[in-house]
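Trainee: Below is the sequence, then the predicted model.
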Amino acid sequence: MARIGILTCRNATQGLGCPGVACMADFRKRRGAFAAYPADQPLDLIGVVTCPGCPTLVGADRIVPRVRGLAAFRADAIHFSNCIKALCPFREKYRQILEAAFPEVQFVLGTHAEHISDDEFRNLVQGLFAQPGSAMVDLMLPK
């Protein structure tokens, strides 16, 4: 059994209102990044945590405690959500810090199947702020 955790973006979940339904659906259906796990191996979602936010002087120190709970529950892998993959300018720094802190855990970029490119996603997110009333869910639905 693969024990999976997901790390989501605070700005996407709290600022944009992303409920993570695409991540959860593709976890259950083994699509997107979850398709890489052997079909005969059960998957166990052990938790979802939110990144503490874009770093300040202490930002990097704040991500390790957030992920510690997933590691403590013996996560085999922790997936960076697609919003982190596409939007976070600190994802590689965070990944390096987390890999050093939790060498027994595999860190994976991505969760759900991608229906648009990272550049298209970034442009649509920027448009959310330029055009009030756009729905975050529109970004997640297949075309």
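Mentor: Okay, I see it.
Trainee: Just confirm residue 45 is within a helix.
Mentor: No. Under the criterion used here (DSSP: H, G, I helix; E, B strand; the rest coil), residue 45 is strand, not part of a helix.
Trainee: give me every residue that touches it.
Mentor: 4, 5, 6, 24, 27 (CB atoms under 8 Å, 6 or more residues apart in numbering). Where C-beta positions appear, they are placed from N, C-alpha and C, glycine not excepted.
Trainee: In terms of secondary structure, what does the helix or strand residue 127 falls within contact?
Mentor: Element membership of residue 127 [criterion: DSSP states H and E] is helix 118-130. Under the contact definition 3 or more CB pairs under 8 Å, 6 or more residues apart in numbering; DSSP states H and E, helix 118-130 sits against helix 82-87, helix 137-140.
Trainee: Pick out the shakiest of those helices, pLDDT-wise.
Mentor: Among the helices and strands packed on helix 118-130, helix 137-140 has the lowest mean pLDDT, at a mean of 48.
Trainee: what stretches of the protein score poorly on pLDDT?
Mentor: Residue ranges of the chain with pLDDT under 70: 56-59, 128-143.
Trainee: at 90 instead, please
Mentor: The chain contains residues with pLDDT under 90 at 1, 9-20, 51-63, 65-66, 69-72, 83, 86-90, 93, 113-143.
Trainee: all helices for it, in order.
Mentor: Using DSSP state H, the helices found in the chain span residues 10, 21-29, 59-72, 82-87, 91-101, 118-130, 137-140.
Trainee: Just the buried positions in the longest one, please.
Mentor: For helix 59-72, the neighbour count (16 or more other CB atoms under 10 Å) marks 59, 60, 63, 64, 67, 70, 71 as buried.
Trainee: just to revisit the earlier point, which two in the contacts of residue 45 are spaced the farthest apart?
Mentor: 5 and 24 (12.8 Å; CB to CB).
Trainee: more crowded one of those two?
Mentor: Each of residue 5 and residue 24 has its neighbours counted (other CB atoms under 10 Å); residue 5 has more, 23 against 15.
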